[in-house]
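Enquirer: Give me the fold of what follows.
(3 chains)
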Amino acid sequence: MFGLSRRTLVGYLYVAPLMLWLALTIAYPLLSTVVLSLQDIRIIGTEGSFVGLDQYRAIFASDTFWSSAGRSLIWVLGNGLVQTLAAFIAALLLREAFPGVRIARVWIILSWIVPTVVVVIIWRWMLSASGGIVNYALVSLGVAERPIGFFSTSTSAFASVVLINAWRMFPFMTVIMLAGLMRIPEELYESAAVDGANAWQKFWYITLPGLQPVLFVIGLLGTLISFNTFDVIWLLTGGGPAGGTTTLPVLIYDTAFKQYRLSRAAAMSVVTGVLLLVFALTFIRLMSPRTDAQEAAL
Amino acid sequence: MAHSIWYRPSVFAEAGIEPPTTWEELLAAAEVLTTDTQYGIGLPANRQLYTDQVVYDFMVNAGAEEIYNPDGTLRFNNEATIKAYAFYSQLFRFSPPDSTNWTWGEAEACFASRACAMIPQFTVITTYDTQAEGDPNDLGVIAIPRSDAVEESGTIAYSNGVMLLTSDPAKIEAAQRFIRFILEPENYGRFLNMEPGLFLPVTDAGSKADSFWQDPMVVKYRSQIETMIENSKNGRLFGFTNGNTFPSIASISAQNILAQVLQMIVVQGMSVEDAVEAGQAAMEAAIE
Amino acid sequence: MKRSRRASFVLIVGLAALLFIVIVPFYWIFSSSIKIPQEIIARTPTLIPQSFSLQHYDKLMNSSQFPVYLRNSTLVALATMGITLLLCTPAAYALYRMRLPGRQTLFRIILITYAFPGILLLIPLYFMLSSLRLIDTLYALVIVNVTFAAPFAVWLLQAFFQTIPAEIEESAALDGANRLQILLRIIIPLTAPGLASVAIFAFITSWTEYMFSSVLIISEQHRTVPVGLAGIVGQYQVDWGLLLAGASVTTLPVLVLFALVGRYFIAGLTAGAVKS
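Expert: Numbering: from 1, shown residues only, chains lettered A, B, ... in the order given. Sure, this is the predicted structure:
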């Protein structure tokens, strides 16, 4: 039938439901975003008229959009740095053999699997300036004279949210990083030791190149996942104070469901999507490792 | 529902001060009450409805209760509004550093744990009774202090109206019958006391109803609730002042522009005049 | 390799720090959720509870809307889990074991959708579900959750499907079994751990989802746990005891599921990470 074997046809039949589902819930909505962004719908259920590129002009002229884009960039970089570092250290520790290591390698993921709202409750409560245990500890130990308002200024709120998000996400990165570390053959280190290499040289010439494939995964997926963070920020600070934690996802949500400018938010989504696509393609072109493992998988 | 200032008489007595009635006295009290382990007053500065409400408390008491002119144009940017924000930002120095991220509950928790000496709030009775010491003799309530621009202390107040979103006569009839039932004095008190102290009676018969005053929590905190009812009589609500109704207040309220203006001042360090001007511009954009 | 004394010391300190960072916050919310209210907000925190009370749990389960949220979240999570398994098992089988022409392209498409930022779909999905009259229904949440769980699930299954020796399938085929029979009788039992980890992943994805639920659900009776709990934070009173009890109860199902099949999940994640 159509030159395809029955076997191949059955194969496509097995993949078809999933592909159809993704097409209907991702591809079709994406196209409809573009249509929405060319109108001036404010609230759902109202008719919008076609306004061409007006929404895009408004966005390109708006300081809020570009400052939020800048914040998203800092957000992604900050998260990437903190998470990669924390995950690397944790993975180095968990690579060692010690009693209970098998349990530790599984349960390290704990903070990643609990609902974000629980993460938010935990940290809002622990960081409170009136009665939070972190401030109590800081004041009792004499580190701080008076309780610190972790969310009181734009900068400190931003840093606090980055750290809280990193706390939630680094275990996921740790598992991937550990997988990468375990693939590096022990013999390489042993022979390097025979050749008199120091710890830094071992790291630079063995560990880092060995980790390249997983660093690629972390760099690409991690960036996109970090970029997409909404609930942690929204529930901790609502994008404030004074817009200091408003990244693009927060701005899009706020524009659509607080300011009731759905078409404007749709246009922001389109611009954001294009920016992310450019990032992803550039990243893949520049950083893609060509390893046997990758070819074997694909 | 209406805001009042809540405090502990024992804390005031120890500091040797009287409950404030004017802005000067309030500022002095907040300063005296700020110690190593206590903030003078808990004031919200989050981009949130609670902040809108407390900002409006001070606007009412500065004579800036009107956000709109009678013709529906905005008059937010005026001297009285500036005065209110200027005072708020002065007072804010005595508020906990994380109050830029507060909702109603955090203010109550701050008061309950004795970390805040005063807070402006609808009520703290339930929290105070269940989570703090629950001593009715040590819970004080006063009207929001006023500036010299007004004769009498005012407050934000919600006199929750009823909206009927139907044109079906049978449903309208049923709704009316239900509301009549709720407002019967023997039912009304039970309805209000879903949250004792928060919902105050809006009908004369209701304010005298046994069903309201016999609730154990209301019996225990009777004097506080009487004061709250008294304070609520001079209540205002943005967008619904002096017999006018401006539906576009919904857009201003949804974006919490009153709170945003406060954040420009206390978080971003903008001058009060510039912030209020930016606020009026934001309101104009919101209602366009 | 023997460790030097110094290396052992560094390892112990490092592991202690890691344990502290990951576990202590959870200990702190759970241990506080069984304290009486006055102790929870006391000026001097108590590391070991000095009082014991289940009043917050009692209030949570008997006089709040939490049981309703719990029911909704459970229904949505179970449906998400079921549909994800139904969609992904045959797809993974075809992709990883049938040498399908173009399977690399299909695999890449699925991988891209995994990292696809949900925020870009929020507005169009809101419109789409609204025109299907699915706003404020649990179906809307199931549809969205499956979309975000399925791609990663396919990725996870890779490791489990590729470890099955081809001979097993071939001998079954010689005995006259067709593809569907092979899938049902041989592949599914052999990949049970993989399917279990996909199931918990789908469950957890759904259980945790906040953004779409906050927009697509309007009425109280259809609210899920994350939105419901977040709503309690924003109410007129913050009852920390109630919130901490709510956070503990919300975490519990995830912990139980993870205790059962967590190691397979980690194994799948690990294998996927080094292969893609």
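Enquirer: So residue B:140 is in contact with residue B:13, correct?
Expert: No. Counting by Cβ atoms under 8 Å, residue B:140 sits too far from residue B:13 to count as a contact (10.2 Å). Placement of C-beta: from N, CA and C, glycine included.
Enquirer: Looking at the two, which has the bigger crowd around it?
Expert: residue B:140 (19 against 11; other Cβ atoms under 10 Å in any protein chain shown).
Enquirer: Which residue, neighbours along the chain excluded, lies closest to the residue positioned nearest the centre of chain A?
Expert: In chain A, the centroid-proximal residue (Cα atoms, centre = their mean) is residue A:226; its distance is 1.6 Å. Using Cβ to Cβ, 6 or more residues apart in numbering or on different chains and skipping residues adjacent in sequence, the residue nearest residue A:226 is residue A:79, 4.3 Å away.
Enquirer: Tell me who's in contact with that neighbour.
Expert: A:162, A:165, A:166, A:169, A:222, A:226, A:229 (Cβ atoms under 8 Å, 6 or more residues apart in numbering or on different chains).
Enquirer: repeat for residue B:273
Expert: By Cβ under 8 Å, 6+ apart, the neighbours of residue B:273 are residue B:82.
Enquirer: Buried residues, the longest helix anywhere in chain A. List them.
Expert: In chain A, taking DSSP state H as the definition, the longest helix is helix A:63-95. Using 16 or more other Cβ atoms under 10 Å in any protein chain shown as the test for burial, helix A:63-95 gives A:65, A:68-69, A:71-72, A:75-76, A:78-80, A:82-84, A:86-94.
Enquirer: swap in stretch A:197-213?
Expert: A:197, A:206, A:207, A:210, A:211, A:213.
Enquirer: could you pull out the helices for the stretch 151-276 of chain C?
Expert: C:166-174, C:179-181, C:188-190, C:192-208, C:211-216, C:225-233, C:240-275 (DSSP state H, counting those that start in this stretch).
Enquirer: The fifth one and chain B in contact?
Expert: Looking back up the chat, that one is helix C:211-216. No. Using Cβ under 8 Å from any Cβ of the partner chain, helix C:211-216 never reaches chain B; the gap is at least 14.5 Å.
Enquirer: so what secondary structure elements neighbour that helix?
Expert: If you count contacts as 3 or more Cβ pairs under 8 Å, 6 or more residues apart in numbering or on different chains; DSSP states H and E, helix C:211-216 packs onto helix C:119-131, helix C:138-162, helix C:225-233.
Enquirer: mind putting those in TSV, distance to chain A and mean neighbour count included?
Expert: As requested, these are exported to TSV (distance: least, Cβ to the nearest Cβ, whole Å; neighbours: other Cβ atoms under 10 Å in any protein chain shown):
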stretch	distance to chain A	mean neighbour count
helix C:119-131	3	22
helix C:138-162	4	23
helix C:225-233	4	23
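Enquirer: would JSON lines of those helices with mean pLDDT and distance to residue B:106 be doable?
Expert: Shown next, in JSON lines, are those (pLDDT from 0 to 100; distance: least, Cβ to Cβ, whole Å):
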{"stretch": "helix C:119-131", "mean pLDDT": "91", "distance to residue B:106": "28"}
{"stretch": "helix C:138-162", "mean pLDDT": "91", "distance to residue B:106": "30"}
{"stretch": "helix C:225-233", "mean pLDDT": "88", "distance to residue B:106": "9"}
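Enquirer: Quick check: pLDDT value at the residue of the stretch 1-150 of chain B found nearest chain C.
Expert: Residue of the stretch 1-150 of chain B nearest chain C, by Cβ to the nearest Cβ: residue B:105 (2.8 Å). In this model, residue B:105 is scored at 84, pLDDT.
Enquirer: Give me the neighbour count for it.
Expert: Residue B:105 has 21 neighbours, counted by other Cβ under 10 Å.
Enquirer: Can you tell me the closest non-neighbouring residue to it?
Expert: Once flanking residues are discounted, residue B:105 sits nearest to residue C:238: 2.8 Å by Cβ to Cβ, 6+ apart.
Enquirer: ok, which stretches of the stretch 101-250 of chain B are helices?
Expert: Counting by DSSP H, counting those that start in this stretch, the helices of the stretch 101-250 of chain B are B:104-112, B:125-131, B:169-183, B:185-192, B:204-208, B:210-213, B:216-220, B:222-232, B:249-254.
Enquirer: Need the winner for burial among those helices.
Expert: When the helices of the stretch 101-250 of chain B are scored by mean count of other Cβ atoms under 10 Å in any protein chain shown, the highest mean neighbour count falls to helix B:104-112 (a mean of 27).
Enquirer: burial count for the residue nearest to residue A:65 when sequence neighbours are not counted?
Expert: Excluding its sequence neighbours, the residue lying closest to residue A:65 (Cβ to Cβ, 6+ apart) is residue A:59, at 4.9 Å. Residue A:59 has 21 neighbouring residues, counting by other Cβ under 10 Å.
Enquirer: Tell me where the chain is predicted with low confidence.
Expert: Chain wasn't specified; assuming chain A. Counting by pLDDT under 70, chain A contains low-confidence ranges at A:1-4, A:289-298.
Enquirer: sorry, should have said chain C
Expert: Counting by pLDDT under 70, chain C shows low-confidence ranges at C:1-2, C:234-237, C:274-276.
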